[in-house]
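> Got a sequence here, can you build the structure:
(2 chains)
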Amino acid sequence: MFDLIIGAITALLAINVVGIASSNGYLGGVFSRSFAGIATQITSSTFLVQYTNTETFILACVEGYLGTPGYLFIGSLFLLIIVWVNNLIEYRTAIM
Amino acid sequence: MFTIAKKRGLNSTQFNSLAIVLVLAILPFSIAIISSLGDSTNTFWDDSMKQTDINGEPNNGSHWYNNGGKNFTEHYDMNYGSGNGTGISPSFIDCVYIEDSVCAGGTWPTVSSKVPMQQRYVGSNTDLPMINTQLYQSHKYGYYGGTSSNYVGESGSREFSFVMNSQLFQEIKQDTALDALSFTMAHQGYFATTYYNDSSAVEIGFNLCVEFSYNGNSLEYCGNYETKNLVCYQGIIMTPLCHVGFELDFDFTSFETIEISELNQGNWSGTEIKLSFENFYRLDGLDFGGTPLPFAGDNTFNFGMQHKTVNAKEVGFLIKTGTIVLSIGVILLAIASTPYWDPLKQSFRGSQ
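Prediction:
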């Protein structure tokens, strides 16, 4: 569950970063866009997992330690992912 | 600031950057703040054991659960098996292994009861600076044989685990939640005269699991430790006294504190704590073999336990409220990411 949430959010952020760069005239080639996207995703997920206690917190929410507020937080993350994915499909950018 | 933003407006790139900062910086920072709400601000440890007189209190249930595995066979057989002149029945060999609290197999002694740790004294014959108790090591079974030295065991690298009943932590107050536990183990010998020195000490690693049991339910938390098998304290004559041993701190996260509190409802007098040590290894890469451990052998070891507590209800309220606020923030970010409602963009854009 944690891998899914962090993977999805960081992937969407990476797509967004690449999108911003492209729209501003950077990362013209497919290779550079792919490289930048993958690097951003790996860096951001590594940061969240290894340098913050986001993983512990999300696991605590998933495993029910925090009760209803914990599930509400997981729900809000899924809502964010759904909105960003929908934006990506509809408008070709994750964050409007 | 609002005026400047209003004039400049907030373009798509800026809003995207803001969202990224929110997710990668503000969100983890907020989580860190929420998580720290449950940490004890007390820097001092409280003794978990109750001070008693020299006769101690009866040991009502603290017992060995596993005592190092079956790698003791050859050693035991050589020293105490058939034909060794000790007069001990060879079949006792089988019983030297404890599995799940009881002697595993063997014909003597024919017992199925738990193998007790035989608490002896509390707070006497000790160099340890905290209230502690003297417990039987993993292979001292006066209980069965009627003598005090039935078996000389060496360290094993498999699992050593023992279960402590609430007799050993009477000073953890009812209706409090644990924030941290500290365990100190030292092989001081029966009269606290068994010493060890730094040059003989070895850097070792192992996993320690702490399991709480209450009303048939249990929770387990594990951590990896790397430490010297040496513990030293200032003696009465101002000379550091060192023994085979270690001091292990186990810090629970705020969420674990809440979980433990929900398990036993703060009723510590009805809670059991099991400590499991396993996967021993030496940091110098040598075979673990007979590397000394404070609780392995045929003598006694001193065991001290300390704790830090927090108010469970207060911690629960703060963390859960913080989580709700964080959830609302994420929901607002999700809605603001749609083209239908852009509160941030609108505020920055003003009446454009």
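
> Can you tell me which residues in the stretch 251-352 of chain B are near chain A?
B:253, B:255-256, B:258-259, B:319-321, B:323-324, B:326-328, B:330-331, B:333-335, B:337-339, B:342 (C-beta under 8 Å from any C-beta of the partner chain). For glycine as for every other residue, the C-beta is placed from the backbone atoms N, C-alpha and C.

> Can you flag the buried ones in the residues you listed?
Buried members of these, counted by 16 or more other C-beta atoms under 10 Å in any protein chain shown: B:253, B:255-256, B:258-259, B:319-320, B:323-324, B:326-327, B:330-331, B:333-334, B:337-338, B:342.

> what stretches of chain A score poorly on pLDDT?
A:94-96 (pLDDT under 70).

> Chain B contacts on that one?
Checking chain A against chain B by C-beta under 8 Å from any C-beta, the hits are A:9, A:13, A:16-17, A:19-20, A:23-24, A:44, A:47-48, A:52-54, A:56-57, A:60-61, A:65-67, A:69-70, A:72-73, A:75-77, A:79-80, A:82-84, A:87, A:91, A:93-96.

> Give me the buried subset of the residues you listed.
Neighbour counting by 16+ other C-beta under 10 Å classes A:9, A:13, A:16-17, A:19-20, A:44, A:48, A:52-54, A:56-57, A:60-61, A:65-66, A:69-70, A:72-73, A:76-77, A:79-80, A:83-84, A:87, A:93-96 among those as buried.

> Return the residues in contact with residue B:267.
B:174, B:214 (C-beta atoms under 8 Å, 6 or more residues apart in numbering or on different chains).

> now do residue B:251
Counting by C-beta under 8 Å, 6+ apart, residue B:251 touches B:179, B:180.

> give me phi/psi at it?
Dihedral angles of residue B:251 (phi, psi; degrees, to the nearest 10) stand at phi -100, psi 120.

> Can you give me the buried ones in stretch B:210-227?
B:210, B:211, B:212, B:213, B:214, B:221, B:227.

> Would you point out the most distant pair within the residues you listed?
Farthest apart among these by C-beta to C-beta are B:214 and B:227. That separation is 29.5 Å.

> Show me what the helix or strand harbouring residue B:317 is packed up against.
Here residue B:317 sits within helix B:312-336, counting by DSSP states H and E. Packing contacts for helix B:312-336, counted by 3 or more C-beta pairs under 8 Å, 6 or more residues apart in numbering or on different chains; DSSP states H and E, involve helix A:67-91, helix B:27-36, helix B:254-264, helix B:343-349.

> Which elements pack onto the longest one?
Applying 3+ C-beta pairs under 8 Å, 6+ apart, one finds that helix A:67-91 makes contact with helix A:2-23, helix A:54-62, helix B:312-336.

> Let's have those helices in CSV, adding distance to residue A:31.
Formatted as CSV, these follow (distance: least, C-beta to C-beta, whole Å):
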stretch, distance to residue A:31
helix A:2-23, 12
helix A:54-62, 31
helix B:312-336, 32
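
> Show me which residues of chain B sit near chain A.
B:12-13, B:15-17, B:19-20, B:23-24, B:27-28, B:31-32, B:34-35, B:253, B:255-256, B:258-259, B:319-321, B:323-324, B:326-328, B:330-331, B:333-335, B:337-339, B:342.

> Between the helices and strands packed on helix A:67-91, which one is closest to residue B:130.
Judging the helices and strands packed on helix A:67-91 by C-beta to C-beta, what sits closest to residue B:130 is helix B:312-336, at 24.2 Å.

> Contacts made by the closest one with the rest, please.
Residues contacting helix B:312-336 (C-beta under 8 Å, 6+ apart): A:61, A:66-67, A:69-70, A:72-73, A:75-77, A:79-80, A:82-84, B:19, B:22-23, B:27, B:30-31, B:33-35, B:37-38, B:175-177, B:254-255, B:257-258, B:261, B:266, B:341-345.

> do the same with stretch A:44-61
Residues contacting stretch A:44-61 (C-beta under 8 Å, 6+ apart): A:1-2, A:5-7, A:10, A:13-14, A:66, A:70-71, A:73-74, A:77, B:24, B:27-28, B:31-32, B:34-35, B:253, B:255, B:323.

> please redo it, this time with the cut-off set to 6 Å
Stretch A:44-61 has contacts (C-beta atoms under 6 Å, 6 or more residues apart in numbering or on different chains) with A:2, A:6, A:10, A:13, A:66, A:70, A:73-74, B:24, B:28, B:31, B:35, B:253, B:255.

> Is residue B:178 in a helix, a strand, or coil?
Under DSSP: H, G, I helix; E, B strand; the rest coil, residue B:178 falls in the strand class.

> Can you give me the distance of it to chain A?
14 Å (C-beta to the nearest C-beta, to the nearest Å).

> That residue bridge partners, please.
Taking DSSP bridges as the rule, residue B:178 bridges to residue B:309.

> Run a quick neighbour tally on residue B:228.
Using other C-beta atoms under 10 Å in any protein chain shown, residue B:228 has 17 neighbouring residues.

> Find the residue closest to it in space, skipping its chain neighbours.
Nearest non-adjacent residue to residue B:228, counting by C-beta to C-beta, 6 or more residues apart in numbering or on different chains: residue B:201, 4.5 Å away.

> right, and residue B:179 touches residue B:307 too?
No. Between residue B:179 and residue B:307 there is no contact under C-beta atoms under 6 Å: 7.9 Å.

> Local confidence estimate at residue B:264?
Model confidence at residue B:264, given as pLDDT, is 91.

> ok, and the closest non-adjacent residue to it?
Using C-beta to C-beta, 6+ apart, the nearest residue to residue B:264 is residue B:214, at 4.0 Å.

> ok now do that neighbour, which residues does it touch?
Neighbouring residues of residue B:214 by C-beta under 6 Å, 6+ apart: B:263, B:264, B:271.

> Over to residue A:39?
Here residue A:39 is in contact with no residue (C-beta under 6 Å, 6+ apart).

> Please give the element, helix or strand, for it.
helix A:30-50.
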